[in-house]
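Novice: just coords:
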């Protein structure tokens with residue numbers, strides 16, 4: 001029960017929701033030679049990177065529009 005409470009307490013912290021370490025390391029990690037590589041996995045990771053970049057650009061545009069209209 002205490003492990004569950006510790007996890008809930010960590011999630012209640014605002015820093016937990018704004019931790020972008022996983023997103024940033026996704027773009028800048030080294031190739032792992034033990035992982036299997038095929039075309040489908042390469043395409044999946046490429047599409048994931050494109051969608052994350054597009055999402056971040058859209059969030060920036062929304063924030064800039066909000067600031068300009070205020």
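Specialist: Done, it's in. Note that this is a predicted model, so its numbers are computed, not measured.
Novice: Every contact and neighbour count from this point should use C-alpha atoms.
Specialist: Noted.
Novice: now this protein, which segments are flagged as low pLDDT?
Specialist: 1-12, 14 (pLDDT under 70).
Novice: Centroid-nearest residue for it?
Specialist: Against the mean C-alpha coordinate of the chain, by CA atoms, centre = their mean, the closest residue is residue 23 at 3.2 Å.
Novice: Roughly how far does that one sit from residue 68?
Specialist: Remark: distance between residue 23 and residue 68 (CA to CA, to the nearest Å) = 28 Å.
Novice: picking up where we left off before, next, the residue nearest to the centre of the chain: secondary structure please.
Specialist: When classified by DSSP: H, G, I helix; E, B strand; the rest coil, residue 23 comes out as helix.
Novice: Can you give me the separation between it and residue 67?
Specialist: Distance from residue 23 to residue 67, by CA to CA: 26 Å.
Novice: Please, where are all the helices along the chain?
Specialist: 2-12, 14-17, 21-27, 39-69 (DSSP state H).
Novice: looking at these, which is closest to residue 33?
Specialist: Checking those against residue 33 by CA to CA gives helix 39-69 as the closest, at 13.9 Å.
Novice: Off-centre distance for the closest one?
Specialist: Centroid separation for helix 39-69 versus its chain: 10 Å, with CA atoms, centre = their mean, to the nearest Å.
Novice: Would you mind pulling up the elements that it packs against?
Specialist: Contacting helix 39-69 under the criterion 3 or more CA pairs under 8 Å, 6 or more residues apart in numbering; DSSP states H and E is no other helix or strand.
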